[in-house]
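# What follows is a predicted structure for the sequence shown.
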Amino acid sequence: MPKTATMPRGDFAPLIQEVRAAGLLDRRTLRYTVTVGLDLLLYGAAFALVVFVGDSWWQLALAVPAAILTTRLYFVGHDAGHGQIAGTRRVNKLMGLLIGNLGLGLGYGWWTDKHNRHHANPNHVDKDPDVGVGVLVWTAEQAADRRGAFIRWLTRNQGRMFFPLLLLEGFNLKVSSVQSVIAAARGRCGARQRRMALLEMVLLALHFAAYLGLVFSVMSPGKAVAFIFVHQAVLGVHLGCSFAPNHKGMPMPGPDECWDHLRKQVLTSRNVRGGLLTDWFLGGLNYQIEHHLFPSMPRPNLRTAQPLVREHCARLGLPYAEEGLIESYAHALGHLQDVGAPLR
């Protein structure tokens, strides 16, 4: 395991040359046009069916496929945020704003800033916002600093509580998005940043008006509230199932450790073994090592890049973590439970 700043710096160059020569960093415009078009069509069809069914408890059952199809658009927004879809930054950003803010109620600016910091320093406690102290904690040191009876109880049982907490993740993303754009609009920043924050705020407002207006106009208030909860809860669990196996329980660089790009991304990431169904269900994030090494690589190319990356790591004697879906969840949840052990 690397410990100092003396790691070899040239180990990544041969790999990126091989990947570029294979055309795996080239845009897949036609593939994304078909994929995004189909995702939008199915997303719209799900809510059209909710309207067609009318005020019925069957609408509640439709919240489940609606949530699964909503998650497809989250994956598209993720790809746009990494510049995987279009050839220009402007078009990718426009797609991110329309799909994220307008289509999903997710703050594109807030999410891309947070996610880019994660990619720059994955699993680094001081630099990766995904392993900062929140409802959950990721290290024994974070657990030891927990205060309050309920918070300490939650930390003691956080491995068991992970999936129940995901039921609230859909709501959490929306609340965080609204808070971030309000803070940006009120903050001390340049005129351009304020204009962008106001644009995001308008798009978020349009999303919530359309979403709540549709649901409450075709259902009784009680059914509407139940539909929203089921829709957002299933969405949160699906997203959590897609992100949970990626880094939880993998090595975490210490504050004085400096790893080169190849080791920083490979050692902290875990792939999930599976076929095309796994690729679809996890939105390509099951190729987490390849995605972290080449964030702008189009999602359809990740499967092709995997053998190249695995062979390169084997030549260097670098561990390449890949597990089945259930095994990866077991390791991720086991890590969370182990972190809370000192409080038990």
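Noted; the coordinates are in hand.
# Now do the strands in the stretch 51-200 of the chain.
With DSSP state E, counting those that start in this stretch, there are no strands along the stretch 51-200 of the chain.
# ok, which stretches of it are helices?
Assignment of helices within the stretch 51-200 of the chain using DSSP state H, counting those that start in this stretch yields the ranges 58-81, 89-96, 108-120, 140-144, 149-156, 158-166, 169-186, 191-218.
# Determine the number of other residues adjacent to Glu327.
14 (other C-beta atoms under 10 Å). All C-beta spots, glycine's among them, are computed from the backbone N, C-alpha and C.
# how far does stretch 95-106 stretch from start to finish?
13 Å (C-alpha to C-alpha, to the nearest Å).
# who touches that stretch?
36, 43, 70, 73-74, 76-77, 80-81, 85-86, 107-108, 111-112, 173-174, 177, 199-200, 203-204, 206-208, 211 (C-beta atoms under 8 Å, 6 or more residues apart in numbering).
# show me the contacts for the closest residue to Ala197 other than its chain neighbours.
In this structure, Ala197 finds its nearest non-sequential neighbour in Ala184, 3.7 Å apart by C-beta to C-beta, 6 or more residues apart in numbering. The contact partners of Ala184, taken as C-beta under 8 Å, 6+ apart, are Gly109, Trp110, Gln193, Arg194, Met196, Ala197, Glu200.
# List buried residues within those residues.
Neighbour counting by 16 or more other C-beta atoms under 10 Å classes Gly109, Trp110, Met196, Ala197, Glu200 among the contacts of Ala184 as buried.
# rewinding a little: which of the helices of the stretch 51-200 of the chain sits closest to Leu336?
helix 158-166 (4.1 Å; C-beta to C-beta).
# hang on, the earlier thing: and the pLDDT for the residue nearest to Ala197?
Note for Ala184: predicted pLDDT of 86.
# So that it lines up with my notes, have the first residue be 428 from now on.
In the new numbering, first residue 428, that becomes Ala611.
# one step back: columns distance to His665 on top of the helices of the stretch 478-627 of the chain, output as CSV?
As requested, the helices of the stretch 478-627 of the chain are exported to CSV (distance: least, C-beta to C-beta, whole Å):
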stretch, distance to His665
helix 485-508, 5
helix 516-523, 20
helix 535-547, 17
helix 567-571, 27
helix 576-583, 23
helix 585-593, 9
helix 596-613, 9
helix 618-645, 18
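# These: which one's closest to Leu752?
helix 585-593 (13.9 Å).
# If you count contacts, what does that closest one end up packed against?
helix 648-670, helix 752-766 (3 or more C-beta pairs under 8 Å, 6 or more residues apart in numbering; DSSP states H and E).
# Tell me where the model's unsure across the chain.
Within the chain, the stretches with pLDDT under 70 are 428-436.
# so how many other residues sit close to the closest residue to Ile495 other than its chain neighbours?
In this structure, Ile495 finds its nearest non-sequential neighbour in His665, 6.3 Å apart by C-beta to C-beta, 6+ apart. Neighbours of His665 under the rule other C-beta under 10 Å: 22.
# Looks like His665 contacts Leu496 (just checking).
No - judged on C-beta atoms under 8 Å, His665 makes no contact with Leu496 at a distance of 10.2 Å.
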